[in-house]
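*Asks:* sequence-free structure coming up:
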């Protein structure tokens, strides 16, 4: 499979994940999907040949997901 095809599929996945993040009402599901967005972005950076940026994205993605989940424990789970 060509690298361009894989990159195009990953970019389509990023667009679809973004749409789920925008339109979903369950905040915990949004946090999980945001973690998936970070993972797909990390994988895209690895394919593009930037492992340092991919590692940084992985670390920031994990830290921000943990902070989001800790915050959601203190607020209402559903968006009005």
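*Replies:* Yes, it's here. A quick note: this is a predicted structure, and the numbers were derived from the prediction, not measured.
*Asks:* need the nearest residue in space to the residue most central in space within the chain, chain neighbours excluded.
*Replies:* Centroid-nearest residue in the chain, with C-alpha atoms, centre = their mean: residue 37, separated by 1.7 Å. Leaving aside its chain neighbours, residue 37 sits nearest to residue 17 (4.6 Å; criterion: C-beta to C-beta, 6 or more residues apart in numbering). For every residue, glycine as well, the C-beta is placed using N, CA and C.
*Asks:* how close does residue 43 sit to residue 18?
*Replies:* Distance of residue 43 to residue 18, given as C-beta to C-beta, to the nearest Å: 16 Å.
*Asks:* so what's the residue count around the residue lying closest to residue 34 once chain neighbours are set aside?
*Replies:* Closest residue to residue 34 apart from its sequence neighbours, by C-beta to C-beta, 6+ apart: residue 21 at 6.0 Å. Using other C-beta atoms under 10 Å, residue 21 has 15 neighbouring residues.
*Asks:* residue 21 is in what secondary structure piece?
*Replies:* Using DSSP states H and E, residue 21 maps to helix 3-23.
*Asks:* let me see the contact set for residue 20.
*Replies:* Listed by C-beta atoms under 8 Å, 6 or more residues apart in numbering, the contact partners of residue 20 are 30, 33.
*Asks:* renumber starting at 317 from here on
*Replies:* Okay, residue one is now 317; in that scheme the one you just asked about reads as residue 336.
*Asks:* before we move on, back to that, quick one, which of residue 359 and residue 334 is more surrounded?
*Replies:* For residue 359 and residue 334, the more surrounded residue by other C-beta under 10 Å is residue 359, and the numbers stand at 16 against 13.
*Asks:* am I right that residue 357 is in contact with residue 374?
*Replies:* No - using C-beta atoms under 8 Å, residue 357 makes no contact with residue 374, being 9.2 Å away.
*Asks:* quick one: which of those two has more around it?
*Replies:* Per other C-beta under 10 Å, whichever of residue 357 and residue 374 has more neighbours is residue 357, with 20 against 17.
*Asks:* what lies in contact with stretch 321-328?
*Replies:* With C-beta under 8 Å, 6+ apart as the criterion, stretch 321-328 contacts 356, 359, 360, 363, 364.
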